[in-house]
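> Pasting a predicted model and its sequence here:
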Amino acid sequence: MEASFELTLQIVIAIVAGIGAQVLAAFLKVPSIVFLLLFGILLGSSGLSILHPNWLGTGLEVIVALSVAVILFEGGLNLELRDLGRVSAPLRNLVTFGTLVTLLLGGMAAHWLGEFPWPIAFLYASLVTVTGPTVVSPLLKHVKVDRQVSTLLEGEGVLIDPVGAILAVVVLDTIFTTHASPVEAMTGLFLRLGIGGAIGAAGGWLLGYFLKRAHFLSEELKNLVVLAGLWGLFGLAQFIRSESGLMATVLSGIVLRASSLPEERLLRRFKGQLTTLGVSVLFILLAADLSIASVFALGWGSLFTVLVLMFIVRPISVSLCTLNSDLNWRQKLFVSWIAPRGIVSASVSSLFSILLTQRGINGGDAIKALVFLTIMMTVILQGLTAGWVAQWLKITSKEATGAVIVGCNPLGLLIARLFQDRGESVVLIDTDPEACRQAEQQNLKVFLSSGLDTGVLEEAGLASMGTFIAMTNNGEVNVVLAQRAAEEFNPPRVLAVFPRDPQASTASNHVNQAFVPQFPIKTWNQYINEGNVKLGTTVMKEQALSFQQVHLQALINSGELVPLLIEREERLLVVPAAEEWKVGDRIIYLLHDPRPKLLKRLSGASPSSRLVLEKLPEVEEVPIPAAALEVPFKQV
């Protein structure tokens with residue numbers, strides 16, 4: 001009874017410490033693996049000696065295998081094939097050719113600098129070819145980079161995990177059977193990939209087919225059916241060919257995602273929670289099992305091996321794999337910097353350490369120590385500096401420019417032209433052929449389609465645009481369009497012209513109301529058609545900021561003025577309804593001009609005249625009393 005209680009207590013400590021590390025990391029906005037490693041080492045034999053993973057015996061291997069299966073399945077489930085198509089060539093190169101580059105150059109560095117025997121050196125290099133979605137994905141959630149880069153890094157993390165793990169198994173098999181020829185080694189690799197891929201693809205399709213027709217099952221039970229199914233596929237693949245289960249879990253997740261299940265969002269949430277739990281427990285247990293003395297015993301040569309891997313091998317691999325791609329040098333440099341190793345490297349190296357020791361082969365503990373040293377250095381150096389590097393390279397998603405506008409009405413055409421005049425990419429979408437024709441006459445790119453069509457949004461380039469705005473005459477439709485765009489593409493800025501009735505709006509937190517509250521878009525479109533508007537611009541000045549804010553807000557409240565765009569920090573932004581003006585903001589607005597048509601024609605204006613930006617006296621030439629500068633402004 002006491003022995004069972006001790007084992008139970010070990011698992012409880014690992015779970016509490018793992019979830020505690022996740023909470024602390026979320027609060028401090030740093031990669032969770034930093035605290036998972038720290039807590040694990042602190043609780044293990046090198047620290048307080050509270051946690052003893054070796055007491056679990058073979059049970060630790062079982063926990064590692066099943067947890068890694070869930071982690072890889074969840075990675076495949078989150079992998080969007082449509083996004084991967086945008087970076088298919090560099091991604092394919094990183095997973096194939098890049099893996100070989102890391103294997104060869106990393107093995108040479110471990111042999112010449114770390115003084116490992118050639119077989120052990122290449123075994124280490126095979127273990128660190130993987131990056132891992134459990135480290136990369138949380139990192140990219142905190143560091144918002146442009147979609148092309150994040151898709152490439154996440155895709156590499158998911159796909160390279162099983163490839164790297166299987167490659168490591170082939171190298172280990174070669175060490176165990178020194179008589180094996182290169183042909184036999186490559187045959188073993190392709191057999192594992194082929195068997196695992198076939199079982200995973202077939203199993204994922206069957207799971208999707210069953211879940212679509214199993215209406216008698218509750219959503220909670222469907223989640224458990226998927227969990228049982230993925231472990232079943234993993235076990236079947238492992239039974240047919242060892243280590244083929246890793247590829248089976250990834251492929252089953254990708255195929256199940258492509259099945260477009262109605263419950264996909266709930267399923268991904270459930271699997272995400274399981275992955276967080278699995279990663280937390282595994283890292284705590286494996287880190288607790290690590291001897292810090294063995295890490296220090298590696299010497300300076302091993303430290304230089306890791307530095308070469310980070311600063312020479314990875315940049316060479318990325319440079320070769322992204323030749324002739326659409327990535328610019330800033331994006332390539334960021335991809336070269338971000339390659340933290342994670343749970344697969346840690347778990348497989350721990351397993352190999354046990355197997356090498358059982359076979360009487362020296363180097364098992366040293367391999368594990370060097371892999372954990374690699375994890376520590378890559379996670380700490382790359383993970384903690386990723387945000388700073390992304391900002392320095394100016395590839396954060398907030399830096400994205402351009403706009404996709406749904407609604408070819410007069411106001412939509414005007415905003416599109418303003419973006420175009422600024423030199424930014426802009427695309428219009430509408431279902432009205434006549435409206436689309438008018439946009440084409442103004443040399444604007446337009447799609448005759450529905451804004452709900454994700455294929456059209458992808459073709460319009462929303463994945464790399466900074467702004468999405470839905471501004472049709474129907475407020476309810478605008479909210480639905482904006483929510484769909486936010487869910488599918490998550491651009492930095494998502495706006496919509498809301499319904500006039502506040503209770504009719506059910507927009508999420510990701511969708512901002514455009515321009516002003518209860519904006520009468522039909523009225524302003526009519527003003528533009530009839531030529532009853534002027535296009536003005538003004539700059540917020542420090543000395544008169546409070547009075548300018550009050551004056552503009554009074555014009556907005558009276559319905560005479562609507563702010564359209566803000567030029568702030570050299571970026572052109574659509575004005576959200578809750579925006580507060582700052583010193584230096586250049587505001588572009590429309591002013592209602594109800595002069596009689598005859599007077600306008602006598603002054604040379606007509607409804608078809610092209611609106612030009614100007615300083616309007618109605619807004620600019622207003623006496624500013626000295627007392628007004630002392631009145632604090634409160635946004636209405």
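On my side now, so go ahead.
> Would you map the helices across the stretch 51-200 of the chain?
Using DSSP state H, counting those that start in this stretch, the helices of the stretch 51-200 of the chain run over 58-77, 81-84, 88-95, 97-112, 118-127, 133-142, 147-176, 182-213.
> wait, which of those is closest to Pro576?
Taking CB to CB as the criterion, helix 147-176 is the member of those that comes nearest to Pro576, at 21.5 Å. For glycine as for every other residue, the C-beta is placed from the backbone atoms N, C-alpha and C.
> can you state the direction angle for that closest one and helix 182-213?
With axes from the mean of the first three to the mean of the last three CA atoms, to 10 degrees as the basis, helix 147-176 and helix 182-213 are set at 130 degrees to each other.
> for helix 147-176, the distance to its chain's centre please.
19 Å (CA atoms, centre = their mean, to the nearest Å).
> Quick check: buried residues in that helix?
Going by neighbour count (16 or more other CB atoms under 10 Å), the buried part of helix 147-176 is 147-175.
> follow-up on the earlier one: which of the helices of the stretch 51-200 of the chain has the lowest average pLDDT?
Lowest mean pLDDT within the helices of the stretch 51-200 of the chain: helix 81-84, at a mean of 58.
> so which of the helices of the stretch 51-200 of the chain gets nearest Glu264?
Of the helices of the stretch 51-200 of the chain, nearest to Glu264 by CB to CB is helix 58-77, at 8.2 Å.
> list the helices and strands that closest one packs on?
If contacts are counted by 3 or more CB pairs under 8 Å, 6 or more residues apart in numbering; DSSP states H and E, helix 58-77 sits against helix 133-142, helix 147-176, helix 219-240, helix 245-258, helix 264-288, helix 343-358.
> if you set the cut-off to 6 Å instead, what comes out?
helix 245-258, helix 264-288 (3 or more CB pairs under 6 Å, 6 or more residues apart in numbering; DSSP states H and E).
> I'd like to know which of the ones you listed is closest to Ala69.
helix 245-258 (4.8 Å).
> returning to that earlier point: turn the helices of the stretch 51-200 of the chain into JSON lines, columns for distance to Leu564.
Shown next, in JSON lines, are the helices of the stretch 51-200 of the chain (distance: least, CB to CB, whole Å):
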{"stretch": "helix 58-77", "distance to Leu564": "41"}
{"stretch": "helix 81-84", "distance to Leu564": "31"}
{"stretch": "helix 88-95", "distance to Leu564": "38"}
{"stretch": "helix 97-112", "distance to Leu564": "46"}
{"stretch": "helix 118-127", "distance to Leu564": "55"}
{"stretch": "helix 133-142", "distance to Leu564": "32"}
{"stretch": "helix 147-176", "distance to Leu564": "26"}
{"stretch": "helix 182-213", "distance to Leu564": "45"}
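> so which of those gets nearest Gly253?
Here helix 58-77 is closest among these (CB to CB), at 2.6 Å.
> Tell me which of the helices of the stretch 51-200 of the chain lies nearest to Val426.
helix 147-176 (17.7 Å).
> got the angle for that closest one vs helix 97-112?
Going by the same axes, to 10 degrees, helix 147-176 makes 50 degrees with helix 97-112.
> Would you mind finding the most buried of the helices and strands packed on helix 58-77?
Stretch with highest mean neighbour count among the helices and strands packed on helix 58-77: helix 245-258 (a mean of 27; mean count of other CB atoms under 10 Å).
> Could you check the angle that helix makes with helix 147-176?
160 degrees.
> In TSV: the helices and strands packed on helix 58-77, plus mean pLDDT and distance to Leu323.
Converted to TSV, these look like this (pLDDT from 0 to 100; distance: least, CB to CB, whole Å):
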stretch	mean pLDDT	distance to Leu323
helix 245-258	85	26
helix 264-288	82	34
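> Which one, of those helices, ends up nearest to Leu28?
With CB to CB as the yardstick, what comes closest out of the helices and strands packed on helix 58-77 is helix 264-288 (16.0 Å).
> Now the element after the closest one, going C-ward?
helix 292-296 (DSSP states H and E).
> Any idea how far that next one is from the middle of the chain?
35 Å.
> Just the residues contacting it, thanks.
46, 365, 369, 373 (CB atoms under 6 Å, 6 or more residues apart in numbering).
> make it 10 Å
Under the contact criterion CB atoms under 10 Å, 6 or more residues apart in numbering, helix 292-296 has outside partners 41, 44-47, 302-303, 365-366, 368-370, 372-373, 376.
> Okay, now the unreliable bits of the protein?
For the chain, the stretches flagged by pLDDT under 70 are 1, 78-88, 133, 177-181, 397-399, 501-509, 596-609, 621-636.
> what number of residues lie near Leu355?
Leu355 sits with 14 neighbouring residues when counted by other CB atoms under 10 Å.
> cool, and Ile19?
For Ile19, using other CB under 10 Å, the count is 15.
> dump the residue contacts of it.
276-277, 280-281, 284.
> Now flag whichever of these is closest to Gly402.
Distances from Gly402 to the contacts of Ile19, taken by CB to CB, are shortest for Thr276, at 34.7 Å.
> out of everything not next to it in sequence, what's closest to that closest one?
Gln22 (6.3 Å; CB to CB, 6 or more residues apart in numbering).
> need the contact list for that neighbour.
32-33, 35-36, 138, 276-277, 279-280.
> What's the separation between it and Ile33?
According to CB to CB, to the nearest Å, Gln22 stands 10 Å off from Ile33.
> Please enumerate the shared neighbours of these two.
Contacts common to Gln22 and Ile33, judged by CB under 10 Å, 6+ apart, are 138, 279-280.
> farthest pair in the contacts of helix 292-296?
Ser45 and Leu303 (22.7 Å).
> Pull up the gap between the closest residue in space to His142 that isn't next to it in sequence and Tyr209, please.
Residue nearest to His142 in three dimensions, not counting chain neighbours: Lys29, with 5.4 Å by CB to CB, 6+ apart. Distance of Lys29 to Tyr209, given as CB to CB: 41 Å.
> Might you report the residue contacts of Phe419?
401-403, 405, 425-427, 444, 466-467, 565, 572, 574.
> Revised request: answer the last question for Lys212.
259-263.
> and these, which are buried?
261, 263.
> can you put the contacts of Lys212 in CSV and add distance to Asn54?
Conversion of those to CSV gives the following (distance: CB to CB, whole Å):
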residue, distance to Asn54
Ser259, 42
Ser260, 45
Leu261, 41
Pro262, 45
Glu263, 40
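> re earlier: closest one of the contacts of Ile19 to Pro617?
Thr276 (59.7 Å).
> Go ahead and confirm that closest one touches Ile33.
No: at 11.9 Å, Thr276 does not count as touching Ile33 under the criterion of CB atoms under 10 Å.
> Now for these two: what residues contact both?
With CB under 10 Å, 6+ apart as the test, Thr276 and Ile33 both reach 22, 134, 138.
> so how far is Gly402 from the last one?
Taking CB to CB as the measure, Pro138 falls 28 Å from Gly402.
> circling back to that earlier point, mind putting the contacts of Phe419 into TSV with distance to Asp593?
Formatted as TSV, the contacts of Phe419 follow (distance: CB to CB, whole Å):
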residue	distance to Asp593
Thr401	31
Gly402	30
Ala403	26
Ile405	24
Ser425	31
Val426	26
Val427	30
Leu444	24
Gly466	31
Thr467	27
Leu565	19
Leu572	24
Val574	22
